[in-house]
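[1] Got a predicted structure plus its sequence, pasted below:
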Amino acid sequence: MNLIIVESPTKAKTISKFLDREYVVESSFGHVRDLPKSKMGVDIEHEFQPEYIVPLKSKKTITKLKGLAKKADEVILASDEDREGEAIAWHLSESLGLDAKKAKRIVFHEITKPAILEALSHPRHIDSKLVDAQQARRILDRLVGYELSPFLWKKVAKGLSAGRVQSVAVRLIVEREREIQAFKQEEYWSIKGDFSTASEKEKFEAQLQKVSDKSLDKLAIKSQAEADDLIVAIKKEQYSILNIENKRSKKNPPTPFTTSTLQQTANNLLGFSAKQTMTLAQKLYELGHITYMRTDSLNLSDKFLTESKEYLLSELGEKYVLDSPRRFKTKSKGAQEAHEAIRPTAAHNSPESLKDKLEPGQYRLYRLIWQRSMATQMPEAILDVTVVDIAAGDKYTFRSNGQILQFDGYLKIYPEKTKEQTLPLLEKGQDLNLLAISGEQHFTNPPARYSDASLVKELEKHGIGRPSTYAPTISTIIDRNYVFRDEKKKLGPTDIAFVVIDLLVAHFKEIVDYQFTADMEGNLDEIAEGKREWVPVIDDFYNHFHKNLENKYKEIMKTDIVPEEKSTEVCEKCNSPMIIKTGRYGKFLACSNFPECRNIRSMKGKLESPKDETHLKELAEKYKDQVCEKCGEPMAVKNGKFGPFLGCSGYPKCKNIKNIGDSDQPEIICPKCKEGKIVKKFSRRGAFYACSSYPACKNAYWGRPTGEKCPDCGALLIDDKGGIKCSDKGCGYEA
């Protein structure tokens, strides 16, 4: 018996289908060893040697794998082919008592029978250079996190944390927000004319482009008065065709997907977050439908190039097939995470052929990957482009652009927006009629907040992070309350993000410096390539970082970082003034009589206007007959962090509280247990909706269920910040 160990049970199940009974495929369920959570776990005095432990959740797995390894003729480590996967293989060899220098290691970038058999026939040993690179990254992040986080607790607020790459991402988001705040809106106008030939049978639109042979820039016409003056003058002129330019244009297909372009495109076209995209892609990979999804490469295998040509020829015909394959050159420096771009494992597996086998979200992402991959091997789209300049007297020039799609090419499979405006048959010098002319008011827009797509693009542009780090970075900064998603799913900074980033920029510049972070990524790449040793790289960073940190403990006072603000509120316990402080979860009210009085209050929980007081009085009248079911005392309407609730008037002897019902919430039977009802509840993160049968049923939703079901997958629809969407994140349906 030969034992093959992979990271995921789904991956193990897929591989098992391709092998006979002499192979047993088991899962390690991810990493089996890691640095301890309770302490640093890095011996700084002895060349930063890490202290690895087997977490409690992995001990049963290791015991099982050890038992199987003793019975096996061979143990084959088959974790993913990037640095993380190499590190998992090494940790497994250490935990199972294998010789890391002799342990058999196989890699593959797709989970198909030919790929697995090919890998088994060409095993290698664990690549210590890749392990060193991953270990260096882990140790660097641990040193920053475990030394800088306590500093933030002491100087800013308890519970804060700092990360090497995450802090740079937060800085980008904070700086963009400040650009938005500093933005000053400007008014500008454009002038549009509707023209026709003398017969007036065909009309077309053109825009004022030049005045006295000087091109108008975007902000040239600043007011309605200026626009009106121009319109009056233009109406007096004669109109004719000044020039016509016809040209044929080719629209090239996009490149195959890398990790970053997949995340960007899935975010822009499907509305998926980076984390959601990678979760779905991981599942598609483990099921054997796509190649490995953490890659910088644009390469496509000869096998796929042949298969795609055969498919296109049989399904679409010869005009949609290239004479020779289109190949792409990888431009990303140090691209080495995998050998291929992200593509389907088999070109003939069209999205429709797999639709019944995939969940809705998986299907939508697979369709995108399949379409993009096939499009790369199709001809360019061909467009006829016409540019017409119209003279309005000797002083004014209008321009009209038209284009007609002559051949769709790759757009047949991978639709992209093409604006078509058909112009009538025109001749140079031909007279025209002006049918209508108008001015249109515009305002300049501030820079947009980053989306997942644009943030990944910006990180990649700066050389920060690698394919495996983009999604976890975004997820982490949201989980740590530095960043939130607004109603448009864009990324905005919280109050505490401004405080922490200003502190880091002022006193720990290297931690949030774009070039420094990119250079460190380059150092890690060189470790992976065997060009550098990992200990000197960490030593060079740590010595300066640690010395600076020790100095800052003495130099910086907390009041300099987060000064207190005055408020008009009064403490209800001791009548002292309340002051505004900033904590991990933003601003809050605290009694100025601290430490004698430790009263604090949420900024969200205080009454903002007389309207709120009226609402409380209305609720008090509505629930005046409510009695506590625990002690029999009357229940009173109170106002808390998340709004009004019912509390026992016998407090503190009786601490019974009840939610006040949501009048807009329809009665919904829990779709999971079929017994409880979906009710509104509250947690530290805010209001949510969950089954009333908790803890027997733990079904919950972070948006208000509407009572209707998703037309795609049948799950409940929820009202999430004003938009109706499916409660199943993998589905992606939005009304």
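    That came through, no problem.
[2] Quick check, Lys566 in contact with Ile580.
    Yes - shown here, Lys566 and Ile580 form a contact pair, counting by CB atoms under 8 Å, at 7.3 Å. Where C-beta positions appear, they are placed from N, C-alpha and C, glycine not excepted.
[3] Between those two, which has more neighbouring residues?
    Taking other CB atoms under 10 Å, Lys566 and Ile580 do not tie; Ile580 has more neighbours (15 against 10).
[4] Which residues are in contact with the residue lying closest to that one once chain neighbours are set aside?
    Spatial nearest neighbour of Ile580, excluding adjacent residues (CB to CB, 6 or more residues apart in numbering): Glu565 at 3.9 Å. Contacts for Glu565 (CB atoms under 8 Å, 6 or more residues apart in numbering) come out as Ile579, Ile580, Lys581, Lys587.
[5] Can you tell me the closest non-neighbouring residue to Tyr188?
    Excluding its sequence neighbours, the residue lying closest to Tyr188 (CB to CB, 6+ apart) is Leu219, at 4.6 Å.
[6] Where does the one you found sit, in terms of helix or strand?
    Using DSSP states H and E, Leu219 sits within no helix or strand.
[7] So it is in contact with Ser190, correct?
    No - if you go by CB under 8 Å, Leu219 and Ser190 don't touch, sitting 10.5 Å apart.
[8] between these two, who's got more neighbours?
    A count of neighbours by other CB under 10 Å puts Ser190 above the other of Leu219 and Ser190, at 16 against 12.
[9] any idea what that one is structurally, helix, strand or coil?
    Three-state assignment for Ser190 (DSSP: H, G, I helix; E, B strand; the rest coil): strand.
[10] quick one: pLDDT of it?
    Note on Ser190: pLDDT of 97.
[11] Could you find the closest non-adjacent residue to it?
    Glu440 (5.1 Å).
[12] what does Gln185 give?
    Nearest non-adjacent residue to Gln185 (CB to CB, 6+ apart): Phe443, at 5.3 Å.
[13] Over to Tyr52?
    Nearest non-adjacent residue to Tyr52, counting by CB to CB, 6+ apart: Arg33, 4.3 Å away.
[14] residues touching that neighbour, list them.
    Contact partners of Arg33, counting by CB under 8 Å, 6+ apart, are Tyr52, Ile53, Val54, Pro55, Ser58, His91, Glu94, Ser95.
[15] pLDDT below threshold where in the protein?
    200, 331-338, 604-616, 640-643, 660-666, 683-686, 721-722, 730, 735 (pLDDT under 70).
[16] And it, what are its domain boundaries?
    Domains of the chain are assigned by automatic domain parsing as 2-126, 149-183+452-555, 187-252+381-443, 259-375, 564-602, 610-659.
[17] For His125, see how far away Asp99 is.
    Separation of Asp99 from His125 (CB to CB, to the nearest Å): 9 Å.
[18] so how far is the biggest helix by length in the chain off the chain centroid?
    Longest helix in the chain by number of residues (criterion: DSSP state H): helix 128-155. Taking the mean of its C-alpha atoms, helix 128-155 sits 23 Å from the chain's own mean (CA atoms, centre = their mean, to the nearest Å).
[19] Repeat that for stretch 689-706.
    A distance of 26 Å separates the centroid of the chain from that of stretch 689-706, by CA atoms, centre = their mean.
[20] measure that stretch end to end?
    In stretch 689-706, first residue to last residue: 11 Å (CA to CA, to the nearest Å).
[21] neighbouring contacts of it?
    Applying CB under 8 Å, 6+ apart, the external contacts of stretch 689-706 come out as 662, 664-666, 668, 670-673, 675-681, 688, 716-721, 724-725, 727.
[22] Any buried residues in it, and which?
    Residues of stretch 689-706 classed as buried by neighbour count (16 or more other CB atoms under 10 Å): Tyr689, Ala690, Cys691, Ser693, Cys697, Asn699, Ala700, Tyr701, Gly703, Arg704, Pro705, Thr706.
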